[in-house]
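Peer 1: Give me coordinates for this.
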Amino acid sequence: QLQASGGGSVQPGGSLRLSCAASGFTLDNYAIGWFRQAPGKEREGVSCINNRDGSTYYADSLKGRFTVSRDNAKTTVYLQMNSLKPEDTGVYFCATALCGARMEGYYWGQGTQVTVSS
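Peer 2: You can find the predicted model right below:
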């Protein structure tokens, strides 16, 4: 099971760090992607980190504001989100994934709500 956590409500310009943890399997065996779904919109890929070489991928609109990483024990994947904007509002999910411009998620966890509002 995958579980995303760390969401919340912040003002524009604020930061949040999301965490993705697994139970029942080892995250180190999988590329992990972050996706989000804004109200009334389709789910989109946000960022991804490969398990073999640690390479990362970001949606073009998010580069420079979001950073994906794994902890040293490779049990948790993080998404550091800075300079948040109202359009970043949505439910954020982590999933085992295929990284790249056409990210795909395979095994999904429950999402965490991020709300950016003044």
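Peer 1: contacts, neighbours, all on C-alpha from now
Peer 2: Noted.
Peer 1: how much space between Leu98 and Asp88?
Peer 2: 22 Å (CA to CA, to the nearest Å).
Peer 1: the helices in the protein, which residues?
Peer 2: Counting by DSSP state H, the chain forms no helices at all.
Peer 1: low pLDDT regions in it?
Peer 2: By pLDDT under 70, the weakly predicted segments of the chain are 72.
Peer 1: what about 80?
Peer 2: Residue ranges of the chain with pLDDT under 80: 25, 63, 72-74.
Peer 1: quick one: Gly6 and Tyr78, what's the gap?
Peer 2: Gly6 is 10 Å from Tyr78, where distance means CA to CA.
Peer 1: same deal with Ala59?
Peer 2: 16 Å.
Peer 1: More neighbours: those two, which one.
Peer 2: Neighbour comparison, Ala59 and Tyr78: the larger count goes to Tyr78, with 22 against 16 (by other CA atoms under 10 Å).
Peer 1: Fine by me, thanks again.
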